[in-house]
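1. sequence first, then the predicted structure:
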Amino acid sequence: MAGTLYTYPGNFRAYKALIAAQFSGAKVNLASNFVFGETNKSDAFLKKFPLGKVPAFESADGKFLTESNAIAYYVANEQLRGKTDFEKAEVLSFLSFADNELLPAVHGWVFPILGIIQYQKNNVERAKQDLKAALAALNARLLRQTFLVGERITLADIVVFATLLSAYENALDPSFRAPFGSVTRWFTTVLNQPQVKAVVPGFALCAKAAEIDPKKFVEFQIKTGGAPQQQQKKEKEKKPQPPPAAKKVEPAEELDACELALAEEPKSKDPFDAMPKGTFVFDDFKRFYSNEEESKSIAYFWEKFDPEHYSIWYGEYKYPEELSKVFMSCNLITGMFQRLDKMRKQSFASVCLFGEDNNSTISGIWVWRGQDLAFTLSPDWQVDYEVYDWKKLDASSKETKELVAQYFSWTGADKQGRKFNQGKIFK
């Protein structure tokens, strides 16, 4: 399946199709030399797509398709659309949920931040409450499953993810998203998929909600041709003739303008960079651990470890009663690792699952630069750590050395005697 997608950079609606194509293998090319407001107003474009809206899709065999959800569905595969009739229906329900419940609330809050619409306190507060209600519903859904429908990513995840992007970028700071830990865990799991990173690179979660500045609305109105009332009043006072009519911004254009106005999020700083380096070199240890047997790598670890500048922590999953299938528990570990990708350079972990289906626990040994709990140092890392109990270990104690040996070599049992099942390394 191949075709051309007409859009501009940063259009979250276009992301739906582009991400779906990454997963399905469909060959979707972006139209070259597309200029929003010009290309989509040309006679040639309007002949194919009468409404002049983007994204718009032209298939290789000369068929035309509009509406982002429909385009994403067309370039998807069976897995993304849902394998059973019920899964297909669930996917469609989440596409409607994204458009009817999430999108109005997201734009009701984000648009005033970006200056797209004028700030009205009651409207913004209503949008926040609506978004909280929608996120609470998603959170309940995601408490016991990794993805929205089934056990793998579907269009439900892709469309809901794309719809929430501007909120997670501009509004949902750590305090607001705290009650919705499962949603944020899911969001960052989707974000860190290679197929998604290929379309949405360099994205960072909002560290602090952007403040609403009335000047941005004035600037946006001038930019789009919709002069603010005060400016029009001054023009009337200066001239005997009324000013030319301001350009009317249609709702569709207003939405597109919002997407164009979304600024690229600056790269977040690595908190580890501000700490003394010490003598322990993670890259050297990780290389040694990967290439040598455990007995040698554990001895190497203690030979090189610098307790003054690095610390060792034990983390145990708080809710073992919620763990069911082993493969789903392993997905929790893998998802956490993916979401902490920016933390890899100056940390290492061995996380193990003990037990079997419906009777298992997750725990691990973590090592990182510094003496404090690392997850609290960056908003990028505050997505999974709260579902674990954390204990800093004494690097000089016999108990710590035994725990390190057990977890680095994937042996033994948990505190309740459940035998080691499998483990995963964060490096």
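-> Cool, the structure landed.
2. the longest helix that the chain contains - contacts with which helices or strands?
-> Ranked by residue count, the top helix of the chain under DSSP state H comes out as helix 121-142. Judged by 3 or more CB pairs under 8 Å, 6 or more residues apart in numbering; DSSP states H and E, the packing partners of helix 121-142 are helix 103-114, helix 181-191. Just so you know, the C-beta spots here come from the backbone N, C-alpha and C atoms, and that holds for glycine as well.
3. mind doing that once more with 10 Å?
-> helix 85-97, helix 103-114, helix 155-170, helix 174-177, helix 181-191 (3 or more CB pairs under 10 Å, 6 or more residues apart in numbering; DSSP states H and E).
4. then it to CSV, C-alphas only?
-> Provided in CSV are the C-alpha atoms of helix 121-142 (Å, rounded to 0.1, in the frame of the first residue of the first chain):
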residue,chain,number,x,y,z
LYS,A,121,-11.0,31.5,32.7
ASN,A,122,-14.3,29.5,32.9
ASN,A,123,-13.7,27.8,29.6
VAL,A,124,-10.2,26.8,30.5
GLU,A,125,-11.2,25.5,33.8
ARG,A,126,-14.0,23.5,32.2
ALA,A,127,-11.5,22.1,29.7
LYS,A,128,-9.3,21.0,32.5
GLN,A,129,-12.1,19.2,34.3
ASP,A,130,-13.2,17.5,31.1
LEU,A,131,-9.7,16.4,30.4
LYS,A,132,-9.3,15.0,34.0
ALA,A,133,-12.5,13.0,33.5
ALA,A,134,-11.3,11.6,30.2
LEU,A,135,-7.8,10.8,31.6
ALA,A,136,-9.4,9.1,34.6
ALA,A,137,-11.4,6.8,32.3
LEU,A,138,-8.2,6.0,30.3
ASN,A,139,-6.3,5.4,33.6
ALA,A,140,-8.8,2.9,34.8
ARG,A,141,-8.5,1.1,31.5
LEU,A,142,-4.7,1.0,31.6
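5. angle of it against helix 103-114?
-> With axes from the mean of the first three to the mean of the last three CA atoms, to 10 degrees applied, the angle from helix 121-142 to helix 103-114 works out at 130 degrees.
6. and helix 121-142, how far out from the chain middle?
-> 18 Å (CA atoms, centre = their mean, to the nearest Å).
7. tell me which residues of that helix are tucked away?
-> 124, 127, 130, 131, 134, 135, 138, 139, 141, 142 (16 or more other CB atoms under 10 Å).
8. now residue 83: phi and psi?
-> phi -80, psi -30 (degrees, to the nearest 10).
9. roughly how far apart are it and residue 118?
-> 46 Å (CB to CB, to the nearest Å).
10. quick revisit: closest to residue 207 out of the helices and strands packed on helix 121-142?
-> For residue 207, the closest of those is helix 174-177, at 7.4 Å, according to CB to CB.
11. looking at the helices and strands packed on helix 121-142, which is buried most?
-> helix 155-170 (a mean of 25; mean count of other CB atoms under 10 Å).
12. helix 103-114 and that one, what's the angle between them?
-> Using the same axes, to 10 degrees: helix 155-170 against helix 103-114 is 20 degrees.
13. how far does helix 155-170 sit from the chain's center?
-> The answer for helix 155-170 is 7 Å, by CA atoms, centre = their mean.
14. now do stretch 5-15
-> Worked out by CA atoms, centre = their mean, stretch 5-15 lies 17 Å from the chain centre.
15. start and end of that stretch, how far apart?
-> 11 Å (CA to CA, to the nearest Å).
16. residues of that stretch that come out buried?
-> Buried, per 16+ other CB under 10 Å, within stretch 5-15: 5, 6, 7, 8, 10, 11, 12, 13, 14, 15.
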